[in-house]
Each structure stands twice: as C-alpha cells, then as structure tokens.
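*Asks:* just to be clear, the model below is a prediction. Sequence and coordinates:
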Amino acid sequence: MLNITSELTQLTIKAFQSLFNYEISEDLLTFQPTRKEFEGSHTLVCFPLGKFSKLNPEQTGEKIGEYLKGNTELVTDYNVVKGFLNLSISDTTWIQIARDIHKNPDFGNKALTGREVMVEYSSPNTNKPLHLGHLRNNFLGYSVAEILKANGNKVHKVQIINDRGIHICKSMVAWQKFGEGETPESTQMKGDKLVGKYYVIFDQKYKAQISDLIEKGLPQEEAEKQAPIIIEAQEMLLKWENNDPEVVKLWKTMNGWVYTGFDITYKTMGVDFDKLYYESQTYSLGKEEVLKGLEEGLLFKKEDGSVWIDLKEEGLDEKLLLRKDGTSVYMTQDIGTAILRYRDFPKISQQIYTVGNEQEYHFKVLFIILAKLGYEWAQNCYHLSYGMVDLPSGKMKSREGTVVDADDLMQEMFDTAKHRTDELGKIEGFSSEDAEKLYRDLGLGALKYYLLRVDPVKRMMFNPEDSIDFQGNTGPFIQYVHARISALLRKAKQLGVEPEIGDGINSLEPSERFVLNLIQDFPAKIEEAANTYSPSIIANYVYDMAKAYNRFYSEVSIFTEDDQQNLAFRIAFSQIVARVIKSSMKLLGVEVPEKM
RNA sequence: GCACCUGUAGCUCAAUUGGAUAGAGUAUCGGAUUUCGGCUCCGAGGGUUAGGGGUUCGACUCCCUUCAGGUGCACCA
C-alpha cells in the first residue's frame, strides 16, 4: 500500500539532490502530522537541514515546498511557518489510499514474520480470589498478546499458577482446623472465594496467637516465628514437598475449587491462555538447575546449608536460592519455569512477563541469574511492569479487607451499564438476550478501555463512574461511534447503496482527509504499540479517530447526498472507519456491538 | 539509609520518542435549544509541565540537583 511518509521522504531526498546537490540522509527528514491550525497534513521539520542546504530553515522549506509542488503529483500545495514546511497531499492520493484500504478487510494486520514470542499474564496465587489489580494485569497481557499478533508474531499466551508454597498451606491449615468440611457445593460459594475465606481466617488466628505470645513477654519477631499455627503451615509445606499423600490430596481438592472459580472469572473477563504452567511442576527443575549451578561453582553454599548467588559484581546483593532445609523459594521456581518454557517452545525469541512493578527487582535478578547459568536467551526476557490501580474511595489493601474483588467489580459494571442504557432508552426492540449481551459488552468494554488507556508504567486511578460514560475518552463512546456507523451501513443496504470508491470522486471534505490520515497511520500505531508494549497507544489512537469521525458525521449529512458516487464513497469511507475501530478495539480485547 | 518508578489545567489522562502557541475529557462559568435545576449543541476561562541549573537552533521529553508521592531492599509468593 502507498505510504505517504515514505513517499515524501524519497521525493524530498530527490528534491534536496536537485536543489542543493546533496544527498540528504533519511533520518534527518522527520515528517509529522500538521497541527490543525495550519493548512496541510504532513509537516517537514526544516531546522536540521540548514546545515546542508546552506540556507536558513524558512528558505530551505520554501525551496523544497516549491519543488515538491511543481514536480510531483503527490503534493498540491505548501506553506512554510517558521522552520516548518506544511504540505497538502492531493485528493487523488487520499482517494487511492482509501480505495486500497477498502479493498483490504484485514488492514492493519501484518503477515507472519516468523517471530515467535511468549506472553505471560495473570499468574495468580491459589489462595485468594482475583482482584482489581489482576484485572489490569489480565487485560494488559491479553492486549499486548493481541498487538504482537497483529504485528506479525506468533504468540503463546501462558500463565504460571502459583499453586504451591506457604500461602496455600495457610488456607489448607485453616480449612482443616476450622472448616468443618465446608465445600463450594455446601456453601454455594465460588471455590476461589471459599479458599480465600480460609486464608483470611488463618491470618486472623495467626495475628491473635502473635499478640498472645507478645503478652507473655516474647518479642514481636520471636512471636511471629513461634505462633503454633504458622509452624503447622510450615510443617505442611515440608510434608507437601515430601509428597505426603494426605496433604497432597487436600491440596488437590482445594486447588481444584480455586481453578473452577478462576475459570468462571476468566470467562467473564474474556481472556484465555494457550498453556498453563504450575509451579508445582516447575520448582523441581529450578532446584536441579540450582544444584547444577552449585556444582559448576556459579553459586555458593553457606554454613547452614542454604544456597546463594552472589550478584555484587552486578551492583546487587546476594540472593537466596535454596533454603537450609533444601526447599525452594520463589526465585528457584521462576528459574525452573523459564527454562521449561524454552524447552517446550524452542522457537520463541522472547518471554514477556506481565507482573506488577513491585516485582521489578525480582525480575532484574531473575534475568541476571538465568544469564549467569548460561542461558543466552535471558537477555531477551522482558518484564512488562505496570503500576497499581487506585480507587476514588481510597487505597486497596488486602490485609485490611478493602480489596475490590474482580467478580464483584465486573458485576457492578454490568449493572451500571444496564442502568444507564435503560435510562437513555437505547434498547428499544432488543430481545432480553441481546440486551443482556449489550450490558456485558458495555460494562466490560468500559472497564477494559479505562484500564488500558493509561500508560502501563503509571500508577492510575480507576473511577467506575467516569469509565462508563458515553461521552469522552471512554470505551462506551467508541462503541457508540461504531454502532452509529453500523446503523448507517444498515440503512445504506436498505436503500441499495453499495459501498464503493469509484473513479468519479475528486474532492474530499477536510474532515475526511483528516480521518483518512489517521486511518493510514494504523499499521504504524500497531508497530509502535508492539515495540513499547503499550496498549494505551492504540486506545488513545482509536479515540482520536472516533472523535474525528464524529465531527465529520455532524458536518456532512450523508443521506441527503444527491450524487450517487459520492454517497457510495461516503458509505465506503464510513465502513473503513468502522473496521479500523473494530480492529483497534479487538487489540484491546473489547467487543464492539453492532447496535446500541 | 540505598535502589527503582512517578510528578503535566481543579480532577482523570494525552503529547507521534528532541519540534510550532503543551492537547482531550470532565468539572466550573457564559450562551443556544428545551414544558425540568435533566439531556443535547456552541463558546470561554483555566499551565513557570513539582522547583532550580545545564546541554542546543529548539526541552514535558536528555543530564545534574532539590522536593513530594509510591514501590522494593523476606529462608512470603
């Protein structure tokens, strides 16, 4: 397809050659969108060129503009403001571009490049339900996977389920002692909620025991170590690692409950995975690798028998890899998991870990350790880090029970969507099933869009009220624009108008040029988003486009058009916009309804 | 204490990676329409980009520094 920027670059090189007899380098030519207060669509920054043209930036721009206008079909007009050369592109070019895009329903998606990557996200602990933070994680990981796919990568979506360790033993101990045989069936609770309940109970009992011990005169630190219930949990972990049948059975049962619960939540969220990894299946590989590293002298053993790695040369500290009792820690497991994944998928060139920014240090260390152990792919590992999500009501702290549960929040979004939609009377003629689907699309779309439109590295504020507004930079607004176009297309069909870009079109509205300029930028935006792992780029892009189309729509009344060719063109043009909106939203994991 | 991240309009976020007069939405104020103090349109105000210094044709962006907030520095995961 015709690419205006690269076309302009080539023509400008030629112009420069012919005007100043100098072969200008491509990277000195930066084209950017023209600011809307000036005429034109593409702007060449002339400041860096003066050195080679031997003229000041204005004169340089003037000369180049004159040349491009006079000698090319592409450029029809120009103006120079300060050192900026603004170029107007011919309508025939725009129409040609529209035609190319219209013919290509798959516009934006690159063909497979042969590159293969793995994206990890979600990766919950199995001792408590998913919360708001997990929502950002899942949406982010899923979206990045979609973006990478669109950019030509083969993508494997995976997660690592932290199904072993002291945390799950805590829930198990509490259930054993105080559960009285409760099950999801007997309590009518989602499995993850039930197990989470016992995790909380454990914590309460543990705290009570600590304060008892402190009252008896023990220092805080000692009390934390000696509380009977924590000792029980530690003993259980050891039994688990030794394959004690009873403990393993309980562990399987309770994890099973959690998985059933998680599956429901994932389904509601609309995310999925190609393969699941379980720490219970990877930690022993990690242990092997650590022992191997110890033999090779890469690691060292302390007097108490614990195994460490020394990272002082890298400016970091020493890091524990095996406890004195020989059990493995978080890091050990992650080493095993990473290696196992490369064995499973030898062709992947990169692993992307979607994990909160509180673990930046962990991943920094992990990647260094893997490199030290001799795995050169470690340098391609990437920690997709993201900030916390705050709520207007205040901070989210799991210990204080102020966590916002993922299921509850999504349900609240659906309810709000229903409430707002009914209020606006937008669902006349909907069957109850269709209406239900619409509430879900709107509620979930609002949530996803709001969480994804912010740069991942930033801590963000989630305001449920704002997120589901039909006005402004929100999911529902974009969904609304799409539905509006869909309605227009339906009407065109009724009237028997075929969307088509014929040869008779020769001029465009300024707002159409503006929108087309945005549209032709779509593949570049995908690439940028893929390179920076930022769905926010796509989100803000699609908002700009929806807004621009909306302006066009209010300026031009489409069906009063008496020129049939022009009408067919405007329908085709709208169709392209709808497709790009749909594709963009798909990259964010958001459904766009046809009707709303 | 050390390390990393963040700081942009009252609020929530952008800014094409160093480019023009820093933009949207929301809130506020004004106007239009309207059988609601609701909805919808139009317009306006609102900024020393946390402060200071430096680099250059040009800095929200890069470097140094101070301040504020957050996170990490577990034989938890």
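*Replies:* It's in. Numbers count the residues shown, from 1 in each chain, chains lettered A, B, ... in the order given.

*Asks:* drop to CA atoms for contacts and neighbour counts, all remaining ones
*Replies:* OK.

*Asks:* spell out which parts of the stretch 351-500 of chain A neighbour RNA strand B.
*Replies:* Counting by CA under 7 Å from any atom of the strand, the stretch 351-500 of chain A comes close to RNA strand B at A:357-362, A:453-462, A:471-473.

*Asks:* kindly report the same for the stretch 101-250 of chain A.
*Replies:* Counting by CA under 7 Å from any atom of the strand, the residues of the stretch 101-250 of chain A that sit close to RNA strand B are A:Asn125, A:Asn162, A:Asp163, A:Arg164, A:Gly165, A:Ile166, A:His167.

*Asks:* inside helices: which ones of the residues of the stretch 351-500 of chain A next to RNA strand B?
*Replies:* Mapping those onto helices (DSSP state H) picks out A:Glu360, A:Tyr361, A:His362.

*Asks:* tell me which of those residues is nearest to RNA strand B?
*Replies:* A:Tyr361 (5.1 Å; CA to the nearest atom of the strand).

*Asks:* burial count for the closest one?
*Replies:* A:Tyr361: 10 surrounding residues under other CA atoms under 10 Å.

*Asks:* per-residue confidence at it?
*Replies:* Looking at A:Tyr361, its pLDDT reads 93.

*Asks:* cool, and A:Lys397?
*Replies:* pLDDT, A:Lys397: 48.

*Asks:* show me the contacts for the residue nearest the centre of chain A.
*Replies:* The centre of chain A sits closest to A:Leu140, judged by CA atoms, centre = their mean, with a distance of 2.6 Å. Each residue near A:Leu140 by CA atoms under 8 Å, 6 or more residues apart in numbering is listed here: A:Thr354, A:Leu452, A:Pro456, A:Pro535.

*Asks:* my guess is the first one is in a helix, correct?
*Replies:* No - note on A:Thr354: no helix contains this position according to DSSP: H, G, I helix; E, B strand; the rest coil, which reports strand.

*Asks:* sorry, back to before: any idea how far A:Gly589 is from the residue nearest to the centre of chain A?
*Replies:* In this view, A:Leu140 and A:Gly589 are 9 Å apart by CA to CA, to the nearest Å.

*Asks:* quick one, helices of the stretch 451-596 of chain A?
*Replies:* Along the stretch 451-596 of chain A, the segments classed as helices by DSSP state H, counting those that start in this stretch run A:464-467, A:475-494, A:510-519, A:522-532, A:535-555, A:564-587.

*Asks:* can you put those in JSON lines and add distance to A:Asp405, mean neighbour count and mean pLDDT?
*Replies:* Compiled in JSON lines, those are given as follows (distance: least, CA to CA, whole Å; neighbours: other CA atoms under 10 Å; pLDDT from 0 to 100):
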{"stretch": "helix A:464-467", "distance to A:Asp405": "14", "mean neighbour count": "16", "mean pLDDT": "89"}
{"stretch": "helix A:475-494", "distance to A:Asp405": "21", "mean neighbour count": "20", "mean pLDDT": "92"}
{"stretch": "helix A:510-519", "distance to A:Asp405": "38", "mean neighbour count": "20", "mean pLDDT": "90"}
{"stretch": "helix A:522-532", "distance to A:Asp405": "29", "mean neighbour count": "18", "mean pLDDT": "95"}
{"stretch": "helix A:535-555", "distance to A:Asp405": "24", "mean neighbour count": "20", "mean pLDDT": "90"}
{"stretch": "helix A:564-587", "distance to A:Asp405": "25", "mean neighbour count": "22", "mean pLDDT": "93"}
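
*Asks:* mind putting those in CSV, distance to A:Ile229 included?
*Replies:* Formatted as CSV, the helices of the stretch 451-596 of chain A follow (distance: least, CA to CA, whole Å):
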stretch, distance to A:Ile229
helix A:464-467, 39
helix A:475-494, 47
helix A:510-519, 61
helix A:522-532, 46
helix A:535-555, 44
helix A:564-587, 47
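
*Asks:* out of the contacts of A:Leu140, which is most surrounded?
*Replies:* In terms of neighbour count, A:Pro535 stands highest of the contacts of A:Leu140 at 33 neighbours, by other CA under 10 Å.

*Asks:* might you list the low-confidence residue ranges for chain A?
*Replies:* For chain A, the stretches with pLDDT under 70 are A:394-402, A:425-427, A:560-562.

*Asks:* so what's the residue of the stretch 301-450 of chain A found nearest RNA strand B up against?
*Replies:* For the stretch 301-450 of chain A and RNA strand B, the shortest gap (CA to the nearest atom of the strand) falls at A:Glu358, measuring 3.1 Å. Counting by CA under 8 Å, 6+ apart, A:Glu358 touches no other residue.

*Asks:* which residues does the closest residue to A:Val592 other than its chain neighbours contact?
*Replies:* The shortest distance from A:Val592 to any non-neighbouring residue, by CA to CA, 6 or more residues apart in numbering, is to A:Gln479 (5.3 Å). For A:Gln479, the contacting residues are A:Leu442, A:Val592, A:Pro593, by CA under 8 Å, 6+ apart.
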